[in-house]
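# No letters, just coordinates:
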């Protein structure tokens, strides 16, 4: 084979991988900034949820001063059907 044929074959085989690797490396550049923004939003959300939970702990009763809603009772369990023993040997 000639050098030209080898160069064409190498371009066909390795070209897509090199181009894909370059595109992937370029996409990683913006990932850190996106991750920082997401972490900031999650931190703000966690702070707001903690603040709301702390406010609810200060006022555990209902707003009208009545009694709190009772906890739901567990449903009774259903009875299972009786198990019938089947014969292990068949009559010949």
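Sure, I can see it. Predicted, not measured: the structure shown is a model, and the values here were computed from it.
# and residue 76, how far is that from residue 82?
Distance, residue 76 to residue 82, using C-beta to C-beta, to the nearest Å: 19 Å. C-betas here are computed from N, CA, C, even on glycine.
# low-scoring stretches of the chain, by residue?
56-65, 68-69, 90-92 (pLDDT under 70).
# can you give me the helices in it?
For the chain, helices defined by DSSP state H occupy the ranges 3-29, 31-58.
# Could you dump those helices into CSV with mean neighbour count added?
Converted to CSV, the helices of the chain look like this (neighbours: other C-beta atoms under 10 Å):
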stretch, mean neighbour count
helix 3-29, 9
helix 31-58, 10
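# what would those look like in JSON lines with distance to residue 71?
Shown next, in JSON lines, are these (distance: least, C-beta to C-beta, whole Å):
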{"stretch": "helix 3-29", "distance to residue 71": "51"}
{"stretch": "helix 31-58", "distance to residue 71": "17"}
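# Nearest to residue 70, out of the ones you listed?
With C-beta to C-beta as the criterion, residue 70 lies closest to helix 31-58 of these, at 18.2 Å.
# Tell me which other helices or strands the closest one touches.
The helices and strands touching helix 31-58, judged by 3 or more C-beta pairs under 8 Å, 6 or more residues apart in numbering; DSSP states H and E, number zero.
# and of the helices of the chain, who's closest to residue 89?
helix 31-58 (64.5 Å).
# and residue 33, how far is that from residue 43?
For residue 33 relative to residue 43 (C-beta to C-beta), the value is 16 Å.
# now residue 40: how far from residue 49?
Counting by C-beta to C-beta, the gap from residue 40 to residue 49 is 15 Å.
# Likewise for residue 22?
42 Å.
# Next: residue 7.
60 Å.
# swap in residue 41?
Counting by C-beta to C-beta, the gap from residue 41 to residue 49 is 13 Å.
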